[in-house]
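**Q** only geometry, no sequence info:
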């Protein structure tokens with residue numbers, strides 16, 4: 001086993017996951033409660049996570065910000081983990097993407113409208 005493989009296999013504590021992902025320890029515990037993350041336990045009972053927990057938590061944050069529920073994220077995890085999908089999973093992924101795109105379009109329209117108001121008000125003292 002190489003030094004790189006040893007480092008990749010190293011388990012990290014909950015605080016390291018939280019810092020690395022830019023979330024609170026409480027958020028990491030919530031993901032565990034939702035069964036989105038499954039930690040190992042040290043002999044003393046401390047939560048220990050694989051290194052890939054950090055990008056995984058970032059993914060959760062992005063999906064929550066986009067309006068997905070923890071249930072829907074749970075449905076996405078096999079796609080993330082396996083790298084392939086069946087027809088039903090692809091349909092679900094496309095539906096979520098379409099929903100997020102519609103939300104982004106609405107936000108872009110609101111942003112454009114605010115820019116118009118700012119431009120109008122900038123011409124007046």
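**A** Received the coordinates, thanks. Model, not experiment: these values are computed from the prediction. Numbering: from 1, shown residues only.

**Q** the strand or helix carrying residue 76: what's the following helix or strand?
**A** Applying DSSP states H and E as the criterion places residue 76 in helix 70-82. Next along the chain after helix 70-82, taking DSSP H and E as the criterion, comes helix 87-122.

**Q** now the angle from that following helix to helix 70-82?
**A** With axes from the mean of the first three to the mean of the last three Cα atoms, to 10 degrees applied, the angle from helix 87-122 to helix 70-82 works out at 110 degrees.

**Q** any idea how far apart the tips of stretch 19-38 sit?
**A** The first residue of stretch 19-38 is 18 Å away from its last residue (Cα to Cα, to the nearest Å).

**Q** ok, back up a step: for the helix holding residue 76, give me every contacting residue.
**A** 34-36, 56, 59-60, 63-64, 68, 85, 89, 92-93, 96 (Cβ atoms under 8 Å, 6 or more residues apart in numbering). From N, CA and C alone the C-beta is placed, and that goes for glycine too.

**Q** quick one: residue 22 from residue 60, how far?
**A** To residue 60, residue 22 is 12 Å away according to Cβ to Cβ, to the nearest Å.

**Q** between those two, which one's more packed in?
**A** Between residue 22 and residue 60, counted using other Cβ atoms under 10 Å, the more crowded position is residue 60 (24 against 11).

**Q** name the member of the contacts of helix 70-82 that has the highest neighbour count.
**A** Among these, the one with the most neighbours (other Cβ under 10 Å) is residue 60, at 24 neighbours.

**Q** okay, the contacts of helix 70-82 in JSON lines with distance to residue 108 and pLDDT next?
**A** What follows is those, written out as JSON lines (distance: Cβ to Cβ, whole Å; pLDDT from 0 to 100):
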{"residue": "34", "distance to residue 108": "31", "pLDDT": "91"}
{"residue": "35", "distance to residue 108": "35", "pLDDT": "90"}
{"residue": "36", "distance to residue 108": "30", "pLDDT": "92"}
{"residue": "56", "distance to residue 108": "29", "pLDDT": "94"}
{"residue": "59", "distance to residue 108": "24", "pLDDT": "92"}
{"residue": "60", "distance to residue 108": "25", "pLDDT": "94"}
{"residue": "63", "distance to residue 108": "20", "pLDDT": "91"}
{"residue": "64", "distance to residue 108": "21", "pLDDT": "91"}
{"residue": "68", "distance to residue 108": "20", "pLDDT": "89"}
{"residue": "85", "distance to residue 108": "29", "pLDDT": "83"}
{"residue": "89", "distance to residue 108": "28", "pLDDT": "85"}
{"residue": "92", "distance to residue 108": "25", "pLDDT": "87"}
{"residue": "93", "distance to residue 108": "22", "pLDDT": "87"}
{"residue": "96", "distance to residue 108": "19", "pLDDT": "90"}
